[in-house]
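In: Sharing a sequence plus its predicted fold:
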Amino acid sequence: MCAGGNLRSAFALSYGIWLVIDWYDCFFLDWVLFANMKSLRLPGTEHMDAAYHQKKYHFVQSLWGMLIGLIPCLIGAGIYAGVCC
């Protein structure tokens, strides 16, 4: 029972942190900062306004990030639950 409880809480915490970072990247960095501030863009891409304003593309990539994040969060939670019990 100990490992199951720790596993759930460790996964919830690590995946919650992953979601905060993923959403920050999508909604703030991609949609607000890079789309509107040319000085922060990669050198040579300052003229690519249309590419930086593709909100649907960034949102879909964020969904992929949420899905891919399940794997390292499960592995990390398993390691944590194994070490702490």
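Out: Nice, I can see it. Numbering: from 1, shown residues only.
In: and whatever helix or strand residue 72 lives in, what does it pack onto?
Out: Assessed by DSSP states H and E, residue 72 sits inside helix 70-84. The elements that helix 70-84 packs onto, with contact taken as 3 or more Cβ pairs under 8 Å, 6 or more residues apart in numbering; DSSP states H and E, are helix 2-23. C-beta: built from backbone N, CA, C; applies to glycine.
In: Going by neighbour count, which residues of the helix it packs on are buried?
Out: Counting neighbours by 16 or more other Cβ atoms under 10 Å, one finds that the buried residues in helix 2-23 are 6, 7, 10, 11, 14, 15, 18, 22.
In: residues in contact with the spatially most central residue of the chain?
Out: Most central in the chain under Cα atoms, centre = their mean is residue 22, positioned 2.3 Å from the mean C-alpha point. Contact analysis of residue 22 by Cβ atoms under 8 Å, 6 or more residues apart in numbering lists 62, 65, 66, 69.
In: was I right about the first one contacting residue 26?
Out: Right, the one you point to is residue 62. Yes: if you go by Cβ atoms under 8 Å, residue 62 and residue 26 touch, sitting 3.8 Å apart.
In: what do those two both touch?
Out: In contact with both residue 62 and residue 26: no residue, using Cβ under 8 Å, 6+ apart.
In: So, low pLDDT: which residues of this structure?
Out: Applying pLDDT under 70 to the chain picks out residues 1-5, 85.
In: are any of the contacts of residue 22 buried, and which?
Out: 62, 65, 69.
In: ok, back up a step: buried residues, the helix holding residue 72. List them.
Out: For helix 70-84, using 16+ other Cβ under 10 Å, the buried residues are 73, 76, 77, 80, 81.
In: if we can go back for a sec, and the residue nearest to the centre of the chain, how far is that from residue 81?
Out: Between residue 22 and residue 81 the computed distance is 23 Å (Cβ to Cβ, to the nearest Å).
In: And for residue 9?
Out: Applying Cβ to Cβ, the value for residue 9 to residue 81 is 9 Å.
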